[in-house]
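# the amino acid sequence is not available; the structure is as follows:
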């Protein structure tokens, strides 16, 4: 469980425990399932500098993911596009089959709600880490 003092500084959503897919993150990350009903929703917490690997939410129809930023400063990037800064209140709609990553800025804790959009034949593919060199260029 995350240090209670850190949890008090973040959003009102529960931080949870160590992320069950932490092996696909560069740094400290936590995960709490908020709801399994209608639209599965999780609160994902990233320590400063933590980001997930490049990955794809595959689906043959519909699918994808929506992120709603609830705390801190972070980044989102799709392959071949510039990274986008994220702040509380920002929403990112990620279509199925788009390679991307997201995570915290180097100097900020970061939380987002992750909503899994229902799709046919949906599955996640974890890919290579975001390089330290590319991440450092974000500032």
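Nice, I can see it. All of these numbers come straight from a predicted model, not from anything done at the bench.
# tell me the SS of residue 85?
strand (DSSP: H, G, I helix; E, B strand; the rest coil).
# same check on residue 130?
Residue 130 - assigned by three-state DSSP - is coil.
# where does this structure dip in pLDDT?
1-8 (pLDDT under 70).
# tell me the centre residue of it?
Computing the C-alpha centroid of the chain and ranking residues by CA atoms, centre = their mean puts residue 102 first, at 5.0 Å.
# partners of that one in the sheet?
residue 76 (DSSP bridges).
# burial count for the nearest residue to residue 108 once chain neighbours are set aside?
Once flanking residues are discounted, residue 108 sits nearest to residue 73: 4.0 Å by CB to CB, 6 or more residues apart in numbering. The way it works is simple: take the backbone N, C-alpha and C, and place the C-beta from them, glycine included. Residue 73 has 17 neighbours, counted by other CB atoms under 10 Å.
# residue 73 contacts residue 84, doesn't it?
No. With contact defined as CB atoms under 8 Å, residue 73 does not count as touching residue 84 (11.8 Å).
# can you give me the helices for this structure?
4-9, 132-136 (DSSP state H).
# circling back to that earlier point, so what's the residue nearest to residue 108 up against?
85-87, 104-105, 107-108, 110 (CB atoms under 8 Å, 6 or more residues apart in numbering).
# I'd like these as JSON lines, with distance to residue 12 appended.
JSON lines is the format used below for the contacts of residue 73 (distance: CB to CB, whole Å):
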{"residue": "85", "distance to residue 12": "23"}
{"residue": "86", "distance to residue 12": "18"}
{"residue": "87", "distance to residue 12": "17"}
{"residue": "104", "distance to residue 12": "19"}
{"residue": "105", "distance to residue 12": "21"}
{"residue": "107", "distance to residue 12": "23"}
{"residue": "108", "distance to residue 12": "18"}
{"residue": "110", "distance to residue 12": "15"}
